[in-house]
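Student: here are the coordinates; sequence isn't available:
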């Protein structure tokens, strides 16, 4: 190992002279065909400096410049990875704000599982499968990179630099943050009812095998990259993968108790108007302990329930009167209904979205994989594109929701921001600003209608991760083949292709490749996630909390400090009694 003190030493004057000579010499060469751009005196100075410099000085100056650029690029990846990791704070706040208070500890526990599992699994198996030397046919890596300990990792990335592959470490850190993000997408979709054991089981296989294989296809030199599919920052590789796993898991686990109910129509007694009456639902379908009472629903255009309903005690059949009771027994007219479940904090939700938006600049901008030279300019443009996509998604989802529901909705606007961000992630380096606005606008509308589709299919997605990440992720992959300009494609990848709107000869073929990639990724992730869930069932892994456990809160069933026995002990203590008398119940850990 070569220590820094044994490296060639140059005086400040020698370094300055060599750098100036190199810069001016290259400038002269670059303008060789237009020598008139320099005066005779300038050319004389350039030639004198070139002639007076030794080859060693040129090589040393070039090496110093290259080393400095390498260091900046690796620092850029570390910064980008840190920003992507910060997004887990946003996910945590968004998910905590979207669930009932008695489920907040369990959802935070799952949010802690994702990055920790991902770190260890990506270290031992995920990274070599994603970025190791290809095994066969571009399907997966695996010949190198195991445990970050194979021989090539001890070769310096820069001649004369650190005695190990520093570039690999920077890449690992950045890509680990992406892997953790993919698994966290599942967490929000299956919140409030999935057993934590099953979530850990899914996370193990998703971050250790399912996700790394797709990464290898596209970013590790696999078949899709060779075929000519493009996904700059991961609309498909990250968001689609997480969204598909979330969709399969949410369908497999089933909805939360009370999410979907059957309502019964009761005409107003004594009137002949068939449209005059109310909808009722039996309490055993709602997240309430008053299971034998009936609750009157609001008969309005919106499919949303007033959350105060759950604080009510409902009405018994007898108290509603004989005519209403008879109508309830007959149930001649019913409808399926999608409830809004109790969510504790729109403040947490909104702050979480803004943290995610902030972290997304690391997600997209650092996907340039460098900041030196022209990479800095590319990152700047990507930042602008990312901002426009997010803003446009928020605007269209807000307006679309207002058109459907007749009112503005904070949640729809916040999720519209995320929808625009996901949609812009894949094409962000290959498009112009106007295209970013169009892609974001379409993504916001896609989110709204995807949400309605999931309700129609009775798939319960607590934070609407599937509409945001799966549907808008697919749109982002397709948008590459529609809006990418030849100029930006050349700048980003050195590729001679474009989207169909620019009319190049292979534009239609590019769109076809992007669409095929979507289908193949969907098939791979859906199939492997289903196999994982089947395996969990065979092994006896608990799948879901019972309706009774969901009513009391999942916190009570995974965390010993929240068990009824321990809560009773806390309430018996002077400190616990004071908290209880104050109207707020807290565990000792929370206090």
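Tutor: Looks like it came in fine. Nothing here was measured: the structure is a model prediction, and the numbers come from that model. Residues are numbered from 1 along each chain as shown.
Student: and residue 279, how many residues sit next to it?
Tutor: Neighbours of residue 279 under the rule other CB atoms under 10 Å: 18. Bear in mind the C-beta positions are built from the backbone N, C-alpha and C, glycine included.
Student: for the helix or strand where it lies, name the packing helices and strands.
Tutor: Assessed by DSSP states H and E, residue 279 sits inside strand 277-282. Applying 3 or more CB pairs under 8 Å, 6 or more residues apart in numbering; DSSP states H and E, we find strand 277-282 packed against strand 260-267, strand 294-297, strand 334-338.
Student: distance between the second one and the chain's centre?
Tutor: Okay, so that is strand 294-297. In terms of CA atoms, centre = their mean, to the nearest Å, the centre of strand 294-297 is found 38 Å from the chain centre.
Student: ok, residue 360 to residue 389 distance?
Tutor: 9 Å (CB to CB, to the nearest Å).
Student: compare those two (neighbour count), which wins?
Tutor: The neighbour count for residue 360 versus residue 389, taken as other CB under 10 Å, is higher for residue 389 (35 against 28).
Student: who does the strand holding residue 279 pair up with?
Tutor: Paired strands of strand 277-282, with direction, are strand 260-267 (antiparallel), strand 294-297 (antiparallel) (DSSP bridges).
Student: include distance to residue 534, mean pLDDT and mean neighbour count when you put those into TSV, please.
Tutor: As requested, those are arranged in TSV below (distance: least, CB to CB, whole Å; pLDDT from 0 to 100; neighbours: other CB atoms under 10 Å):
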stretch	distance to residue 534	mean pLDDT	mean neighbour count
strand 260-267	24	88	19
strand 294-297	38	79	20
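Student: pLDDT of the one helix or strand residue 68 maps to, averaged?
Tutor: Element membership of residue 68, judged by DSSP H and E, is helix 55-98. The predicted model assigns helix 55-98 a mean pLDDT of 83.
Student: helices or strands next to it in the packing?
Tutor: Packing partners of helix 55-98 (3+ CB pairs under 8 Å, 6+ apart): helix 12-30, helix 104-121, helix 166-189, helix 346-365, helix 374-405.
Student: helices or strands up against the last one?
Tutor: Contacting helix 374-405 under the criterion 3+ CB pairs under 8 Å, 6+ apart are the following elements: helix 55-98, helix 346-365, helix 410-425, helix 433-456, helix 486-493.
Student: which parts of the protein belong to which domain?
Tutor: In terms of domains, the chain is parsed into 11-53, 65-256+342-538, 260-338, 567-591 (source: automatic domain parsing).
Student: any idea how far the longest one is from the middle of the chain?
Tutor: Its chain's C-alpha centre lies 5 Å from the corresponding centre of domain 65-256+342-538 when counted by CA atoms, centre = their mean.
Student: could you do the third one as well?
Tutor: Mean-position distance between domain 260-338 and its chain equals 39 Å (CA atoms, centre = their mean).
Student: which of the helices and strands packed on strand 277-282 sits closest to residue 374?
Tutor: Proximity to residue 374 (CB to CB) singles out strand 334-338 among the helices and strands packed on strand 277-282, at 49.6 Å.
Student: what does that closest one rub up against?
Tutor: If you take CB atoms under 8 Å, 6 or more residues apart in numbering as the criterion, strand 334-338 is touched by 259-265, 279, 281, 297, 303, 455, 458.
Student: distance to residue 132 for those - can I get that in TSV?
Tutor: Shown next, in TSV, are these (distance: CB to CB, whole Å):
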residue	distance to residue 132
259	42
260	45
261	50
262	52
263	55
264	59
265	61
279	58
281	55
297	56
303	48
455	42
458	42
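Student: of the residues you listed, which is the nearest to residue 124?
Tutor: Set against residue 124, the nearest of the contacts of strand 334-338 by CB to CB is residue 259 (37.8 Å).
Student: and for the residue lying closest to that closest one once chain neighbours are set aside, the neighbour number?
Tutor: In this structure, residue 259 finds its nearest non-sequential neighbour in residue 460, 4.6 Å apart by CB to CB, 6 or more residues apart in numbering. Residue 460 is flanked by 25 other residues according to other CB under 10 Å.
Student: tell me the pLDDT of residue 460.
Tutor: The model's pLDDT for residue 460 equals 96.
Student: contacts only, for the nearest residue to residue 552 once chain neighbours are set aside.
Tutor: Leaving aside its sequence neighbours, residue 552 sits nearest to residue 102 (CB to CB, 6+ apart; 6.9 Å). By CB under 8 Å, 6+ apart, the contact set of residue 102 is 552-556.
Student: again, only using 7 Å
Tutor: The neighbours of residue 102, taking CB atoms under 7 Å, 6 or more residues apart in numbering as the test, are 552-553, 555.
Student: residue 472: neighbour count?
Tutor: A count of neighbours around residue 472, defined by other CB under 10 Å, yields 35.
Student: and the buried ones among the contacts of residue 102, selectable in ChimeraX?
Tutor: A single ChimeraX command suffices to select whichever of the contacts of residue 102 are buried according to 16 or more other CB atoms under 10 Å:
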select :553,555
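Student: which one of the contacts of residue 102 sits closest to residue 404?
Tutor: Distance to residue 404, by CB to CB, is smallest for residue 553 among those, at 32.1 Å.
Student: do I have it right that that closest one meets residue 105?
Tutor: No. When contacts are counted by CB atoms under 7 Å, residue 553 is not listed as touching residue 105 (8.8 Å).
Student: so what sits against both of these two?
Tutor: Residues touching both residue 553 and residue 105 (CB under 7 Å, 6+ apart): none.
Student: low-confidence ranges, the stretch 201-350 of the chain, go.
Tutor: 270-274, 298-312 (pLDDT under 70).
Student: let me see the ranges of the helices in it.
Tutor: 211-219, 223-227, 241-253, 322-330, 346-365 (DSSP state H, counting those that start in this stretch).
Student: rewinding a little: can the contacts of residue 102 go into JSON lines with extra columns for pLDDT?
Tutor: Converted to JSON lines, the contacts of residue 102 look like this (pLDDT from 0 to 100):
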{"residue": "552", "pLDDT": "84"}
{"residue": "553", "pLDDT": "85"}
{"residue": "555", "pLDDT": "84"}
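Student: which of the contacts of residue 102 fall in helices?
Tutor: Those of these mapping onto helices are 552, 555, per DSSP state H.
Student: residue 116: which of the contacts of residue 102 is nearest?
Tutor: residue 555 (19.7 Å).
Student: my read: the closest one touches residue 109, true?
Tutor: No. With contact defined as CB under 7 Å, residue 555 does not reach residue 109; the gap is 9.0 Å.
Student: what distance do you get for the closest residue to residue 254 other than its chain neighbours to residue 250?
Tutor: Nearest residue to residue 254 in three dimensions, chain neighbours excluded: residue 544, at 6.4 Å (CB to CB, 6+ apart). Using CB to CB, we find residue 544 at a distance of 11 Å from residue 250.
Student: who's more crowded, the two?
Tutor: Higher neighbour count among residue 544 and residue 250: residue 250, with 24 against 18, using other CB under 10 Å.
Student: about what we covered before: and the strands paired with strand 277-282: which comes nearest residue 350?
Tutor: Checked against CB to CB, the stretch from the strands paired with strand 277-282 lying closest is strand 260-267, at 26.5 Å.
Student: between that closest one and strand 334-338, how big is the angle?
Tutor: Relative orientation of strand 260-267 versus strand 334-338 (axes from the mean of the first three to the mean of the last three CA atoms, to 10 degrees): 140 degrees.
Student: can you list contacts of strand 260-267?
Tutor: 274, 276-281, 285-286, 297, 324, 327-328, 331, 333-339, 458.
Student: returning to that earlier point: ok, so of the contacts of residue 102, who is nearest residue 525?
Tutor: Looking across the contacts of residue 102 and measuring by CB to CB, the closest to residue 525 is residue 555, at 30.3 Å.
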